[in-house]
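# Sharing a sequence plus its predicted fold:
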Amino acid sequence: MFEDATPTENRIRSYVIRQGRLSKGQKRALEEQYPHYLFEASYFSSPQLAFPSQQPLTLEVGFGMGDSLVQMAAEATDQNFLGLEVHGPGVGHLILETERRRLTNLRVINADVWSVLPKLADQSLARIQVFFPDPWHKKRHHKRRLVDTAFLDCAAAKLSPNGLLHLATDWLPYAEVMETTLQGHDAFEFCEPPPRPVTKYEKRGLRLGHTVTDIAARLTA
């Protein structure tokens with residue numbers, strides 16, 4: 001039913017599988033509707049073939065339960081959206097909401113970013129967004145953080161000219177690392193972050209008193 005979520009290129013996993021329990025609706029969505037919304041591997045070389053219309057394509061890495069991604073797709077029908085998520089309940093929930101809203105500009109794949117992003121056609125993405133990735137608080141786990149130079153290298157190759165990378169985190173030390181890593185990368189130039197919906201994880205962080213940082217950069221090379 002699902003794609004292989006094992007990272008490629010010998011990457012250390014930047015996530016922990018916490019599948020949780022599937023609701024009846026999520027289970028039905030994964031069994032019956034997932035193939036209809038699946039971004040299949042055959043589309044990697046030509047991502048626009050997965051959609052009814054050729055429009056600027058945004059990739060979201062780790063969309064959680066997917067409510068904010070669905071909202072973005074519903075509010076921007078002149079754009080296409082692809083969501084990556086390793087957790088089954090989130091994929092099921094996104095499919096249910098996509099079906100409920102009858103969206104045709106949103107596709108999904110249950111996979112790790114490193115099993116998809118390197119295989120996408122170069123310059124095929126208008127935007128890559130990563131909202132609230134696992135910050136891996138402990139120092140010994142920092143090597144598991146997704147946003148590093150290797151990720152930026154890959155993102156730069158897949159973004160179209162003037163393409164946008166949009167990051168968000170509620171862990172200030174991780175935000176500082178993101179900014180430093182981006183500042184040291186020749187392919188990107190900082191810009192004003194665009195507006196976005198508030199995510200479920202973000203609401204939790206705000207309740208805990210965390211500071212949310214949005215960071216955006218455009219491709220310059």
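Received it, and whenever you're ready, just let me know what you need.
# Quickly list what the residue most central in space within the chain is bridged to.
Nearest to the geometric centre of the chain sits Val61, at 1.6 Å (CA atoms, centre = their mean). The partner list for Val61 in beta bridges (DSSP bridges) reads Leu84.
# Same question for Ile109.
Applying DSSP bridges, one finds that Ile109 bridges with Leu84.
# contacting residues around it?
3, 38-39, 82-84, 116 (CB atoms under 8 Å, 6 or more residues apart in numbering). (C-beta placed from N, C-alpha, C; glycine too.)
# What's the per-residue pLDDT of it here?
The score at Ile109 is 96. That number is its pLDDT.
# With the one 10 residues further on instead?
The score at Lys119 is 97. That number is its pLDDT.
# I'd assumed Phe44 was in contact with it.
Yes - assessed by CB atoms under 8 Å, Lys119 is found in contact with Phe44 at 4.5 Å.
# Who has more neighbours out of those two?
For Lys119 versus Phe44, the count of surrounding residues by other CB atoms under 10 Å is larger for Phe44: 18 against 12.
# So that one is in contact with Ala121, correct?
Yes - distance between Phe44 and Ala121: 7.0 Å, which falls inside the contact criterion (CB under 8 Å).
# if we can go back for a sec, neighbour-wise, which one of the contacts of Ile109 leads?
When neighbours are counted as other CB under 10 Å, the busiest of the contacts of Ile109 turns out to be Gly83, with 29 neighbours.
# Not counting its neighbours along the chain, what's nearest that residue?
Phe63 (4.4 Å; CB to CB, 6 or more residues apart in numbering).
# thinking again about what came up before, and which of the contacts of Ile109 is nearest to Ser68?
Nearest to Ser68 among those: Gly83, at 10.2 Å, using CB to CB.
# got the buried residues for the helix or strand hosting Lys203?
Per DSSP states H and E, Lys203 falls inside helix 200-207. Going by neighbour count (16 or more other CB atoms under 10 Å), the buried part of helix 200-207 is 201-202, 205.
# Dump those to TSV, plus pLDDT.
What follows is the buried residues of helix 200-207, written out as TSV (pLDDT from 0 to 100):
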residue	pLDDT
Tyr201	79
Glu202	88
Gly205	82
